[in-house]
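**Student:** Sequence and predicted structure, then a few things I'm wondering about:
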Amino acid sequence: MALEIEERHVESLSTMDHNLCVKNIIWSKEEWPAINYDEFVDGDDIPIISVQVLDEKKKKSQDYEILCQAMVNASSSWGFFKLVDHGVDLKVIENVKLRLNELFDLPMEQKLKGARSASLPLGYSATNPDYGKNLPWAEILQLLQSPKHVVAFATKVFGDQHQSFSDAMIEYMHELDKLGMKFFEMLASGLGLEDDFFTKSFEEKGYTMIRINRYPPCPLPEKCLGLGSHSDPHALTILLQDHVGGLQVLKTDHQWVGIRPIPNSFVINIGDTLEAWTNGRLKSVVHRAVVNKEKQRLSAAYFLSPSSSAIIDCPPQLMVMDPSTNPRKYIPFTWEDFKKELLVQKRVVGKTALNRYLILIEKPI
Ligand SMILES: O=C(O)CCC(=O)C(=O)O
Ligand SMILES: [Fe+2]
């Protein structure tokens, strides 16, 4: 029976070049998930933060300061939190989900008109052929935030019928960008930095992008993964997911924990760049997506990245020079340099993208 399943053709992830069976997408044993997509433990989940008080008039009020602190605390412990009452119009969110599902529902031939190129990780792909083994059980679309880029992609796939897809994506990314900038101000404030400490490095959006994952139902979810364990290399991720569930986060005790989806919320997580920027005070935490037998799942990760010229250097307030407490952990780097590395890197496993800037600290014997 198990063998029969492994021989099954995977229609939804097969292309003309890659005709896949379940066995081609089975992961190495060490990676098999021990927790199901719908296993959640109340009291062992990431914090929930409501930003209802986030109103310009209340800025600098005590409520605002408490909220900033809560965000910093969640970002320093879990590296993740759920955001509710976020203020992004639900119509915009529902519309983008609808348009994305419509896109993924198209025949493979049509989606492949917008296929990612070999040289750049942008566009559509049915799973990720670069990975060789441990293929994600997912269809993936990566697009830059730039409206021009979105329209160019959508025109390839939909021709002159691209408008509804393009408009939905552009509007959604615009809203998320505004939300992201608010977070950066709040994180800066909670860390005791000038409000614009981070935002002033986000004027150019060159490499801010969205990655949409649609995970088809999987007949062998105990041996496959939608997305393997990784951390996000950018500064901050705003993740939208549907009601199905599948996101799991690795805790400091090396246990995976399932993140229960809640309606009308986002999941926010710190990326490697922000971890380096704050000398490790905010944590970029490893996570993954598991799949299930019955339901397809949609998630969309919006990755905010700084201007190319931004120098990722920890401010002295967050760094104590005394090596026994909190010495500098990373060599300052420009986002341009880091971005180049990301473009050639095939796969992020753990925090490998950031390791090249790590300062190796010798421990006293
Ligand atoms: O699907 C998910 O919940 C996770 C997606 C994710 O981590 C990513 O796209 O980087
Ligand atoms: Fe991620």
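**Tutor:** Yes, it's here. Ligands and ions are numbered 1, 2, ... in the order given.

**Student:** who's in contact with Leu98?
**Tutor:** Residues near Leu98 by Cβ atoms under 8 Å, 6 or more residues apart in numbering: Ala168. Placement of C-beta: from N, CA and C, glycine included.

**Student:** Now do the same for it: helix, strand or coil?
**Tutor:** What DSSP: H, G, I helix; E, B strand; the rest coil gives for Leu98 is helix.

**Student:** do you know how far it is from Leu298?
**Tutor:** Distance, Leu98 to Leu298, using Cβ to Cβ, to the nearest Å: 10 Å.

**Student:** before we move on, what about Leu144?
**Tutor:** To Leu298, Leu144 is 20 Å away according to Cβ to Cβ.

**Student:** who's the most centrally placed residue in the chain bridged to?
**Tutor:** What sits nearest the mean C-alpha location of the chain, by Cα atoms, centre = their mean, is Ala301, with 4.1 Å. Note on Ala301: beta-bridge partners by DSSP bridges are Arg211, Leu239.

**Student:** Model confidence at it, what's the number?
**Tutor:** Looking at Ala301, its pLDDT stands at 98.

**Student:** now do Leu274
**Tutor:** Predicted confidence (pLDDT) for Leu274: 96.

**Student:** What is the three-state secondary structure of it?
**Tutor:** Taking three-state DSSP as the rule, one finds Leu274 in the helix state.

**Student:** could you show me where the helices are in the chain, in order?
**Tutor:** Here the chain has its helices, by DSSP state H, at 2-7, 62-77, 90-104, 108-111, 147-158, 163-190, 272-277, 335-344, 352-355.

**Student:** Next, the buried residues of the third one.
**Tutor:** Right, the one you point to is helix 90-104. By neighbour count on 16 or more other Cβ atoms under 10 Å, the buried set for helix 90-104 is Ile93, Asn95, Val96, Lys97, Arg99, Leu100, Leu103, Phe104.

**Student:** tell me which of those residues is nearest to Glu31?
**Tutor:** Nearest to Glu31 among the buried residues of helix 90-104: Phe104, at 24.6 Å, using Cβ to Cβ.

**Student:** how about that closest one, what does it touch?
**Tutor:** Contacts of Phe104 by Cβ under 8 Å, 6+ apart are Lys111, Glu139, Leu141, Arg214, Leu298.

**Student:** Could you list the low-pLDDT ranges of the protein?
**Tutor:** When residues are selected by pLDDT under 70, those of the chain lie in 1-3, 53-59, 129-130, 320-325, 345-352, 361-365.

**Student:** So which residues on it come close to ligand 1?
**Tutor:** Residues of the chain lying close to ligand 1 by Cβ under 6 Å from any ligand atom are Arg211, Asn213, Leu227, Asp232, Leu239, Gln241, Gly246, Leu247, His287, Ala289, Ser299, Ala301.

**Student:** The last one contacts Arg211, correct?
**Tutor:** Yes: Ala301 is within contact range of Arg211, at 4.8 Å (criterion: Cβ atoms under 8 Å).

**Student:** For Ile359, which residues are in contact?
**Tutor:** Pro327, Arg328, Lys329, Tyr330, Ile331.

**Student:** Just give me the neighbour total for the second one.
**Tutor:** Translated: Arg328. 18 (other Cβ atoms under 10 Å).

**Student:** for the residues of the chain next to ligand 1, which one is nearest Met71?
**Tutor:** Relative to Met71, and with distances defined as Cβ to Cβ, the nearest of these is Leu239, at 15.6 Å.
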